[in-house]
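Visitor: here is the input, now give the coordinates:
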Amino acid sequence: RLSGDEFGITVEYENQQQLNQFIKNIKLLFKNEFVINNLPMSLSISIGIALHPEHGDDAFELLKHADSALYKAKKEGKNRYIIFNKEFEEELKEKIELEQSIREALGKEEFFFVYQPIIDLNTNNIVGAEALIRWQSEKLGFVSPAKFIPLAEESDLILEIDEYVLRKNLEFVEKLMRGNINHLNIALNFSAKFFRKGLVYKKLSEIIKDKNICRCIELEITEREIMQDVEENLKTLNLLKSMGFKISIDDFGTGYSSLSYLKKLPIDLLKIDISFIRDIPEDMNDVVITKTIINMAHNLGLKTIAEGIEREEQLYFLKDEGCDYGQGYYFSKPLPEKEFIELIKKGGLDA
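Guide: As a prediction, this is how the structure comes out:
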């Protein structure tokens, strides 16, 4: 076992056909679902391969090159195998350099946040915002979250980013409260690792001195993250709920979930994924799914929020169906902290 979810296997083979059969046998092990705590779970496997002597003369070099191939396999969509190619070395070098840049950025506080307003669809008032992390690197310029977040998630770097998100946005909420802006909810996203290891509760308990801050923070977790360890996450969510935080399920409807667990979760909101919002009201399948999520949520006593609203037709549909909240470029792009505060002080979007 090389790390939490990475394993090394040494195989002797006489020809390519034998190697291909060995790989096929491993992949077959993951073809069927695993049943864990009476829940069916589907797992994918990615394999990176380095051959001796073509790709190295010792274990260190072979492992390094197998890791390069594994990184490539994951990058190209996972659930596949790739044999090392010398071109991968450059990609691995870039990966290592980017990881080092992330570490330096955390120390230099190069990460910052923009805030996308969340609107009450009944009153058109701003009731909160989602905090979105951004990175303006001194060396690399602007680096997209789509590039650095997946890389950070491959290591424990994501936990350091999670803690940074937490600390900086608690400071932001305190700043809002000092300015008598105490009616907004700031929604924060964390990684599955941060929830699964119970670190989010531990860190919040350590940092928060004023319990009034809790009611101004909404913690988002995806249903995929919840289902990775339902019982443990349920304990963590109950502890967070007892502190006064609001809890929402992000990207609802896109992952595997059990409705029997949904009713047990101490949640306040379901966030309807943008993939269902994008083509309404034209796409009838998305219309049916969105209506169902809204009705189900309300029957369970939950609120709903739609993300990715960009057109008037989408807004009218969601209002007619009773969706509670919305966010998207139709209302506002994500705003820098200063612009967001100015918008609130001016009275919101109507102003």
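Visitor: what's the neighbour count on residue 195?
Guide: Here the number of neighbours of residue 195 (other C-beta atoms under 10 Å) works out to 24. Where you see a C-beta, it was placed from the backbone N, CA and C, and this is true even at glycine.
Visitor: quick check: it touching residue 233?
Guide: Yes. The criterion here is C-beta atoms under 8 Å, and residue 195 meets it with residue 233 at 5.8 Å.
Visitor: quick check: neighbours shared by those two?
Guide: Residues touching both residue 195 and residue 233 (C-beta atoms under 8 Å, 6 or more residues apart in numbering): 221, 225.
Visitor: would residue 212 count as being in a helix?
Guide: Yes. When DSSP: H, G, I helix; E, B strand; the rest coil is applied, residue 212 is found to be in a helix.
Visitor: residues contacting residue 83?
Guide: Residues near residue 83 by C-beta under 8 Å, 6+ apart: 49, 50, 51, 69.
Visitor: phi, psi for the first one please.
Guide: Just to be clear, that refers to residue 49. Backbone torsions for residue 49, taken as degrees, to the nearest 10, come to phi -120, psi 130.
Visitor: the residue nearest to it when sequence neighbours are not counted and residue 47, how far apart?
Guide: Using C-beta to C-beta, 6 or more residues apart in numbering and skipping the chain neighbours, the partner closest in space to residue 49 is residue 83 (4.6 Å). Distance, residue 83 to residue 47, by C-beta to C-beta, to the nearest Å: 9 Å.
Visitor: between these two, which contacts overlap?
Guide: Common contact partners of residue 83 and residue 47 (C-beta under 8 Å, 6+ apart): residue 69.
Visitor: residue 307 pairs with what?
Guide: Residues in a beta bridge with residue 307, per DSSP bridges, are residue 327.
Visitor: what's the burial count for it?
Guide: Neighbour tally, residue 307, other C-beta under 10 Å: 20.
Visitor: pLDDT score for it?
Guide: On the pLDDT scale, residue 307 is placed at 94.
Visitor: for it, what are its contacts?
Guide: So residue 307 contacts 271, 272, 273, 274, 277, 326, 327, 328 (C-beta under 8 Å, 6+ apart).
Visitor: if any of the residues you listed are buried, put those into a PyMOL selection.
Guide: A single PyMOL command selects the buried members of these (16 or more other C-beta atoms under 10 Å):
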select buried, resi 271+272+273+274+277+326+327+328
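Visitor: mind putting the contacts of residue 307 into JSON lines with pLDDT and distance to residue 152?
Guide: Below are the contacts of residue 307 laid out as JSON lines (pLDDT from 0 to 100; distance: C-beta to C-beta, whole Å):
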{"residue": "271", "pLDDT": "94", "distance to residue 152": "22"}
{"residue": "272", "pLDDT": "94", "distance to residue 152": "27"}
{"residue": "273", "pLDDT": "91", "distance to residue 152": "22"}
{"residue": "274", "pLDDT": "93", "distance to residue 152": "22"}
{"residue": "277", "pLDDT": "96", "distance to residue 152": "28"}
{"residue": "326", "pLDDT": "97", "distance to residue 152": "29"}
{"residue": "327", "pLDDT": "97", "distance to residue 152": "24"}
{"residue": "328", "pLDDT": "97", "distance to residue 152": "26"}
